[in-house]
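Undergrad: just the structure for this:
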Amino acid sequence: MISSKKMDRISNLPEALISHILSFLPTEESALTSVLSKKWRYLFAYRPNLDFDGSFSLKCGHGVEPDCVTPWILNVLERGVSDLDLHVTLAGLCLPSKMFMSKSLERLRIESENVIGIDMEDVFLPKLKTLHINKVMLGKGGDFFEKVTSGCHVLEELILIHVYSDFWIRSVSSKPLKRLILSCIDCDKNPHSVSFDTPNVVYLEYSDFVAGKYPKVKFDSLVEASVDLAMTSEQHEHASYEHSVGDVTDFLMGIRSVQTLFASANTLEVLTFCCDHIPVFHNMFSLTIQTCKSGWESLPALLKKCPNLETLVFDGLSHTYTIKCEDVDGCLCKFSGEVPTCLSSSPVKVLQITGFGEAGVETETELIKYFLETMPQLEQLIIYYDTLFDDDVIELSSELKRFPTKASPSCEIQVIFGDPSS
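TA: Residues are numbered from 1 along each chain as shown. Now for the predicted structure:
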């Protein structure tokens, strides 16, 4: 009873006085008082002194007053925080532009479930090495990419996912940048111009619609890339084999030093209808192809331009018949009755199939047999079969091992249960 009365006396004190009392406690301990009652929930945040170990993480959801968030952020910025991690689910919140004006920040991460706004003006983050932004509206920020890279002199990792603004000229220019993830594929519209002057980037993930032009694409050090280039609905309407509806050749030229490439199904379609010619990828030793919804018309030309390819991965074997299947070098299937030259001269040693069976076991099995009898350098075939029955895996393995492979008689065949990514 005595303890309860003492607690009541403290709780009945003015909030300003309680915040002053909390200032004598370590920040972590004062934050624990937020569970005492509704009154105590946010009192610790109003204490006059906040001590951090250089990092600050804030998750804002239902029950948090939007007007409280900005003072919290400004407070930690003024105190020289080096690592700021914000996860916001509040609707209608506009974060302060001063987050992009800090001499101490080394890592900044802003994520939201609903799109939030930032009235960004200038960018000056001289120590920032990592910037991660997801679902943010930048208002009338102009060329945000150029602002960020010019204001972050030591930036090594840049991740921009679903970042909205009124810009259609995108320019990423940074010498220290090593890792770039850029996803701009929400709005069904072609950007006017996209440029990359990033000679030291070793890892790239890029999702976007085909740009009107690519004035500069410089990825001299690229090791691994995942490319998801897509056509707009308007381009789909006008797409034909006779006339291109766009041209990504300059972009491909800029990434031709890549060693490991993942190309989405959208990208295969773009290579068919929006590409003047495919450059030679001399350094590429591993290529992953995602197959779904579109034909394989661009695959023969792409494989021919990878003279040193060792590993070929099919993410699914969803083959769609098109008129090009009737041409010997118009597809990878055997509708033409002749072996495509990209298969008969293929340097590929390892063929990997993931998601086997999703497009039909019988059809996919015939395609795999076709690869076995036409690809001369195959040393290993690995199939990931995600089935509910172990007998399916054993049966497929036995069937393929009995198959009389002509081109690759010594190929080792493995059928593995499950998915390699799980």
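Undergrad: my guess is residue 269 contacts residue 231. True?
TA: Yes: with contact defined as CB atoms under 8 Å, residue 269 reaches residue 231; the gap is 6.3 Å. (Glycine included, C-beta is placed from N, CA and C.)
Undergrad: break this structure into its domains for me.
TA: Domain segmentation of the chain under automatic domain parsing yields 1-51, 285-422.
Undergrad: got phi/psi on the closest residue to residue 403 other than its chain neighbours?
TA: Nearest residue to residue 403, sequence neighbours excluded (CB to CB, 6 or more residues apart in numbering): residue 369, at 5.5 Å. Per-residue torsions, residue 369: phi -60, psi -40 (degrees, to the nearest 10).
Undergrad: what is the burial count for residue 369?
TA: Under the neighbour criterion other CB atoms under 10 Å, residue 369 is assigned a count of 16.
Undergrad: over to residue 308?
TA: When neighbours are defined as other CB under 10 Å, residue 308 has 12 of them.
Undergrad: what does residue 208 give?
TA: Neighbourhood size, residue 208 [other CB under 10 Å]: 18.
Undergrad: secondary structure of it: a strand, I assume?
TA: Yes: assessed with DSSP: H, G, I helix; E, B strand; the rest coil, residue 208 lies in a strand.
Undergrad: quick one, phi psi at the closest residue to it other than its chain neighbours?
TA: Nearest non-adjacent residue to residue 208, counting by CB to CB, 6+ apart: residue 184, 4.7 Å away. Residue 184 has phi and psi values of phi -130, psi 40 when expressed as degrees, to the nearest 10.
Undergrad: need phi/psi at residue 263.
TA: For residue 263, the backbone dihedrals (degrees, to the nearest 10) come out as phi -120, psi 120.
Undergrad: which stretches of the stretch 101-250 of the chain form strands?
TA: Secondary structure of the stretch 101-250 of the chain (DSSP state E, counting those that start in this stretch): strands at 107-118, 130-137, 157-164, 169-173, 179-183, 193-197, 203-209, 217-218, 224-230.
Undergrad: out of the ones you listed, which is closest to residue 404?
TA: Residue 404 lies closest, by CB to CB, to one member of those: strand 224-230, at 37.2 Å.
Undergrad: quick check, residue 354 in contact with residue 312.
TA: No: taking contacts as CB under 8 Å, residue 354 lies outside contact range of residue 312: 11.8 Å.
Undergrad: sheet-wise, list the partners of the helix or strand encompassing residue 262 with their directions.
TA: Per DSSP states H and E, residue 262 falls inside strand 260-263. The pairing partners recorded for strand 260-263 under DSSP bridges are strand 224-230 (parallel), strand 286-290 (parallel).
Undergrad: export the ones you listed as TSV, with columns for distance to residue 329, mean neighbour count and mean pLDDT.
TA: TSV is the format used below for these (distance: least, CB to CB, whole Å; neighbours: other CB atoms under 10 Å; pLDDT from 0 to 100):
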stretch	distance to residue 329	mean neighbour count	mean pLDDT
strand 224-230	23	20	97
strand 286-290	17	21	97
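Undergrad: to residue 274, which of those lies closest?
TA: Minimum separation from residue 274 across the strands paired with strand 260-263 (CB to CB) falls at strand 224-230, 7.8 Å.
Undergrad: show me the contact partners of the closest one.
TA: With contact meaning CB atoms under 8 Å, 6 or more residues apart in numbering, strand 224-230 is reached by 185, 202-210, 219, 248, 251, 255, 258-264, 266-267, 269-270, 274.
Undergrad: ok, stretch 368-378 next?
TA: The contact list for stretch 368-378 (CB under 8 Å, 6+ apart) reads 317, 333-334, 339-340, 343-351, 353, 381, 383, 400, 403, 405-408, 411.
Undergrad: cutoff 6 Å now
TA: 334, 339, 343, 346-347, 349, 351, 403, 405-408, 411 (CB atoms under 6 Å, 6 or more residues apart in numbering).
Undergrad: output the lowest mean pLDDT helix or strand found in this structure.
TA: The helix or strand of the chain with the poorest confidence is helix 2-11; it has a mean of 55 (mean pLDDT, DSSP states H and E).
Undergrad: follow-up on the earlier one: flag whichever of the domains of the chain has the least confidence on average.
TA: Among the domains of the chain, domain 1-51 carries the lowest mean pLDDT, at a mean of 63.
Undergrad: which stretches of the protein form helices?
TA: 2-11, 15-22, 27-32, 66-78, 144-151, 233-238, 249-254, 265-273, 299-304, 341-344, 361-374, 390-402 (DSSP state H).
Undergrad: next, the buried residues of the longest one.
TA: So the one you mean is helix 361-374. Neighbour-count burial for helix 361-374, counted by 16 or more other CB atoms under 10 Å, picks out 364-365, 367-369, 371-374.
Undergrad: please state the offset of it from the chain centre?
TA: 31 Å (CA atoms, centre = their mean, to the nearest Å).
Undergrad: now do that helix and helix 390-402, the angle between them.
TA: 30 degrees (axes from the mean of the first three to the mean of the last three CA atoms, to 10 degrees).
Undergrad: measure stretch 316-336 end to end?
TA: End-to-end distance of stretch 316-336 (CA to CA, to the nearest Å): 22 Å.
Undergrad: so where's the stretch 51-200 of the chain uncertain?
TA: Applying pLDDT under 70 to the stretch 51-200 of the chain flags residues 51-55, 57-66, 91-92, 139-143, 166.
Undergrad: now with 50?
TA: Within the stretch 51-200 of the chain, the segments meeting pLDDT under 50 span 52.
Undergrad: so how far is stretch 283-298 from its chain's centroid?
TA: When C-alpha coordinates are averaged (CA atoms, centre = their mean), stretch 283-298 and its chain have centres 17 Å apart.
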